[in-house]
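Novice: Here's my sequence, what's the structure:
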Amino acid sequence: MKPFANEVYLDFSDPTVAAVQKAALRDVRTKLGKTYKNYVNGEWITGNNGSFDSINPGNLSEVIGTFPMLSKEQALGALDAAWTAFESWKRVPAQERANYLFKAADVVRRRRSEINAWMITEVGKNFIEADAETCEAIDFLDYYARLALKLDEGMEVIDSFGDVDRTVYVPLGAGVSISPWNFPFAITFGMAAGPIVAGNTVVAKPSPDSPMMAYLIAEILEEVGLPKGVFNFVTGDNLEVGESLVMSPRTRFINFTGSLGVGLHITELAAKPDPDRHFIKRVVTELGGKNAVVVDDDADLDAAALGIVQSAFGFQGQKCSAGSRAVVVDSVYDTVLEKAVELTKGLAIGESKDNPRITCVINQKAVDKIMSYIEIGKQEARLVLGGERASSKTEGYYIQPTIFADVAPDARIAQEEIFGPVVAFIRAKDTEHALAIANGTRYGLTGAYFSSNPDKIRRAITDFQVGNLYINRKCTGALVGAQPFGGFNLSGTDSKAGGADYLLYFVQAKAIAEKPNAKGKTILETMYK
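Specialist: Take a look at the predicted model:
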């Protein structure tokens with residue numbers, strides 16, 4: 001087996017490559033508006049509660065597709081199917097489980113431009129943002145498959161006092177994966193594939209803003225022949241379907257990526273005692289962030305300004321890793337602010353199919369939230385750029401990239417997650433003050449630090465308290481296998497998606513000791529080498 005390597009992004013500056021992607025977009029547009037089903041126990045099913053439409057947020061006249069609204073009974077039936085499948089799936093050898101993921105990765109590679117096109121259309125990503133996500137999905141599949149083979153070797157232990165000892169990892173059971181719309185393919189795939197390759201079965205509920213991307217995952221897993229019931233795809237009301245699955249006494253684990261409020265609510269529900277449950281639910285969360293890009297007085301100011309703009313406005317700031325605060329040391333503050341403003345002015349806004357730098361935000365609820373924070377910002381700080389809805393050729397959810405200056409560290413726009421194209425510039429006295437400001441939120445997901453001073457960089461590495469820290473580069477774009485992703489504090493359980501420890505969240509360690517028979521032999525030695 002070749003060593004793991006990250007998938008390489010497509011170069012859309014090459015006209016030939018761009019033409020292939022545009023052709024895929026045209027093809028996808030011929031398929032808009034169809035009705036789709038959910039995938040439960042290896043069968044495609046309709047919902048008992050009607051249906052809902054997925055809409056292109058950049059062109060509200062385009063319906064991506066119509067999807068089922070399952071009932072509570074249907075959702076719990078999917079969980080029952082997952083438990084039934086678990087009884088045989090947990091006995092499937094690790095190599096065989098891994099092979100399903102390797103095959104799925106190959107299918108994603110083959111359908112790459114098509115998958116990109118659906119993502120560009122359903123959630124408004126531009127070409128490179130979509131392709132980077134599709135690459136991440138491939139990476140998750142390849143990387144987790146390799147991790148499963150390593151996990152199958154068990155924990156390294158010693159034999160003691162005449163016993164033969166082994167500690168092996170056993171899967172938890174059937175669980176629920178609830179994934180977000182902002183990385184609707186990679187995160188949804190990774191959150192299901194990790195538990196599955198470790199021997200579990202999954203009921204996956206995607207965001208209602210991105211059901212098409214989860215449908216594609218179900219289609220791919222069916223194509224590679226994954227046994228029925230191992231992966232189940234359900235859509236429907238967040239309370240009737242999502243909360244029912246979370247609260248079920250048969251849900252063994254919950255893998256959630258999303259907002260802090262929902263994550264805390266899920267954690268609370270999962271912890272409630274239930275006489276019908278004989279285990280403590282395993283809850284894995286990746287939540288929000290209020291991430292800072294810190295610029296010291298000896299930094300490369302051009303690189304720092306670019307890092308701020310890329311971190312703040314990539315995918316319109318709709319990443320939990322987005323740099324929504326720029327903490328800049330006083331002596332270079334005005335210069336960095338000016339450079340960031342000029343770079344932002346050059347960002348084109350438009351419909352995602354035309355591949356601009358800035359496209360739409362996800363829905364009207366997001367517009368309302370972001371614009372309300374912009375109004376708060378106008379009261380708290382100095383609006384330097386943006387602050388309005390952006391004009392567009394089509395009706396959609398467009399907002400100008402927005403920069404506020406002279407923001408107090410404790411201002412609401414410096415403390416609360418906005419999840420949109422808004423960045424707050426905060427002035428710091430020196431390195432120590434800048435790091436204190438950076439650490440001064442209830443989150444701890446990502447951060448970036450710009451400096452050319454080795455001693456200051458060492459200080460930042462030690463004192464900047466985030467799960468993912470980047471030195472002299474933007475604070476977004478974690479790579480599977482290279483920068484395991486997850487945060488401190490209220491940014492989640494720091495489960496490090498794309499890291500070597502990730503599968504451990506979905507298994508239990510079982511220690512076994514056996515005394516040898518009269519011939520000095522044990523069953524353990526034949527079962528586990």
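
Novice: Point out where the stretch 251-400 of the chain drops to low pLDDT.
Specialist: The stretch 251-400 of the chain contains no residues with pLDDT under 70.

Novice: Just give me the residue right at the centre of the chain.
Specialist: Nearest residue to the geometric centre of the chain (Cα atoms, centre = their mean): Ile187, 4.1 Å.

Novice: doesn't Ser177 make contact with that one?
Specialist: No - with contact defined as Cβ atoms under 8 Å, Ile187 does not count as touching Ser177 (9.3 Å). C-beta here means a position set from N, CA and C on the backbone, and glycine is covered the same way.

Novice: can you list the domains in the chain?
Specialist: 34-287+492-509, 291-471 (automatic domain parsing).

Novice: just how off-centre is the first one within its chain?
Specialist: Averaging C-alpha positions (Cα atoms, centre = their mean, to the nearest Å) puts domain 34-287+492-509 12 Å from its chain's average.

Novice: for the shortest one, same thing?
Specialist: On the basis of Cα atoms, centre = their mean, domain 291-471 sits 20 Å off its chain's mean C-alpha point.

Novice: Ends of that domain, what's the gap?
Specialist: For domain 291-471, the first-to-last residue distance is 14 Å (Cα to Cα, to the nearest Å).

Novice: Need the contact partners of stretch 326-345.
Specialist: For stretch 326-345, the external contacting residues (Cβ atoms under 8 Å, 6 or more residues apart in numbering) are 292-297, 299, 301-302, 304-306, 308-309, 312-313, 384-386, 401, 403, 405, 423-431, 434, 437-438.

Novice: can you confirm Gly65 is in a strand?
Specialist: Yes - looking at Gly65 with DSSP: H, G, I helix; E, B strand; the rest coil, it is inside a strand.

Novice: and the longest helix for this protein?
Specialist: helix 127-151 (DSSP state H).

Novice: Next, the buried residues of that one.
Specialist: By neighbour count on 16 or more other Cβ atoms under 10 Å, the buried set for helix 127-151 is 127-148, 151.

Novice: Which helix or strand lies directly C-terminal to that helix?
Specialist: Downstream of helix 127-151, the next assigned helix or strand under DSSP states H and E is strand 164-171.

Novice: Now do the buried residues in the worst-scoring helix or strand of the chain on mean pLDDT.
Specialist: Using mean pLDDT, DSSP states H and E, helix 523-527 stands out as the lowest-scoring helix or strand of the chain, at a mean of 93. Buried residues in helix 523-527, defined by neighbour count with 16+ other Cβ under 10 Å: Leu524.

Novice: and it, how far out from the chain's middle?
Specialist: Put simply, helix 523-527 sits 40 Å off its chain's centre (Cα atoms, centre = their mean).

Novice: does the residue in the chain sticking out farthest from the centre sit in a helix or strand, and which one?
Specialist: In the chain, the greatest distance from the average C-alpha position (Cα atoms, centre = their mean) is reached by Ala518, at 53.9 Å. Ala518 is part of no helix or strand when elements are defined by DSSP H and E.

Novice: Give me the phi and psi for it.
Specialist: Phi and psi for Ala518, reported as degrees, to the nearest 10, are phi -60, psi -30.

Novice: roughly how far apart are it and Asp354?
Specialist: 78 Å (Cβ to Cβ, to the nearest Å).

Novice: can you check Leu469 too?
Specialist: Leu469 is 35 Å from Asp354, by Cβ to Cβ.

Novice: one step back: please indicate which of the contacts of stretch 326-345 are buried?
Specialist: Buried by 16+ other Cβ under 10 Å: 292-297, 299, 301, 304-306, 308-309, 312-313, 384-386, 401, 403, 405, 423-428, 431, 434, 437-438, out of the contacts of stretch 326-345.

Novice: Assumed the residue nearest to the centre of the chain was part of a strand.
Specialist: No - counting by three-state DSSP, Ile187 falls outside a strand, being helix.

Novice: OK, contacts around it?
Specialist: Per Cβ under 8 Å, 6+ apart, neighbours of Ile187: Ser179, Pro180, Thr257, Ala497.

Novice: that older thread, can you tell me which of the buried ones among the contacts of stretch 326-345 end up in strands?
Specialist: Members of the buried ones among the contacts of stretch 326-345 lying in strands (criterion: DSSP state E): 292-295, 384-385, 403, 405, 423-428.

Novice: pLDDT weak spots in the stretch 101-250 of the chain?
Specialist: Counting by pLDDT under 70, not a single residue of the stretch 101-250 of the chain qualifies.

Novice: Other residues contacting stretch 459-474?
Specialist: Against stretch 459-474 from outside (Cβ under 8 Å, 6+ apart): 291, 293-294, 299-300, 303, 306-307, 310-311, 314, 321, 323, 431, 435, 438-439, 444-451, 457, 475, 478, 483, 485-489, 491, 494, 496.

Novice: Now, those that are in helices?
Specialist: Assigned to helices by DSSP H, the following of the contacts of stretch 459-474 qualify: Ala303, Leu306, Gly307, Gln310, Ser311, Thr431, Leu435, Ala438, Ile457.

Novice: was I right about Ser321 contacting Leu445?
Specialist: Yes - assessed by Cβ under 8 Å, Ser321 is found in contact with Leu445 at 6.2 Å.

Novice: who's more crowded, the two?
Specialist: Applying other Cβ atoms under 10 Å to Ser321 and Leu445 shows that Leu445 carries more neighbours, namely 29 against 26.

Novice: How much space separates that one from Met155?
Specialist: 30 Å.

Novice: Then Asp165?
Specialist: The spacing between Asp165 and Met155, counted by Cβ to Cβ, is 10 Å.

Novice: same check, this time on Asn468
Specialist: Taken as Cβ to Cβ, the span from Asn468 to Met155 is 27 Å.

Novice: Neighbour count: the two, which is higher?
Specialist: Asn468 (25 against 14).

Novice: And the more buried one, what's its pLDDT?
Specialist: Confidence at Asn468, expressed as pLDDT, is 98.

Novice: for it, which residues make a bridge with it?
Specialist: When bridges are called by DSSP bridges, Asn468 pairs up with Thr446.

Novice: for the least confident helix or strand of the chain, packing partners?
Specialist: If you count contacts as 3 or more Cβ pairs under 8 Å, 6 or more residues apart in numbering; DSSP states H and E, helix 523-527 packs onto strand 164-171, strand 507-514.

Novice: in its sheet, what does the last one sit against?
Specialist: Strand 507-514 has the following strand partners under DSSP bridges: strand 164-171 (antiparallel).

Novice: re the thing from before, now the common contact residues for Ser321 and Leu445.
Specialist: Common contact partners of Ser321 and Leu445 (Cβ under 8 Å, 6+ apart): Gly289, Asn291, Asn468.

Novice: May I see these arranged in a markdown table, with distance to Thr522 as well?
Specialist: Shown next, in a markdown table, are the shared contacts of Ser321 and Leu445 (distance: Cβ to Cβ, whole Å):
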| residue | distance to Thr522 |
| --- | --- |
| Gly289 | 50 |
| Asn291 | 52 |
| Asn468 | 44 |
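
Novice: Of those residues, which is the nearest to Gln364?
Specialist: Among the shared contacts of Ser321 and Leu445, Gly289 lies closest to Gln364 (Cβ to Cβ), at 23.5 Å.

Novice: quick one: the closest one and Thr446 touch, right?
Specialist: Yes - using Cβ under 8 Å, Gly289 is in contact with Thr446, at 6.1 Å.

Novice: residues shared between the contacts of those two?
Specialist: Ser321, Gly487.

Novice: hmm, back to that, what about burial for the contacts of stretch 459-474, which qualify?
Specialist: Among these, those scoring as buried are 291, 293-294, 299, 303, 306-307, 310-311, 314, 321, 323, 431, 435, 438-439, 444-451, 457, 475, 478, 483, 485-489, 491, 494, 496 (criterion: 16+ other Cβ under 10 Å).

Novice: Thank you, goodbye.
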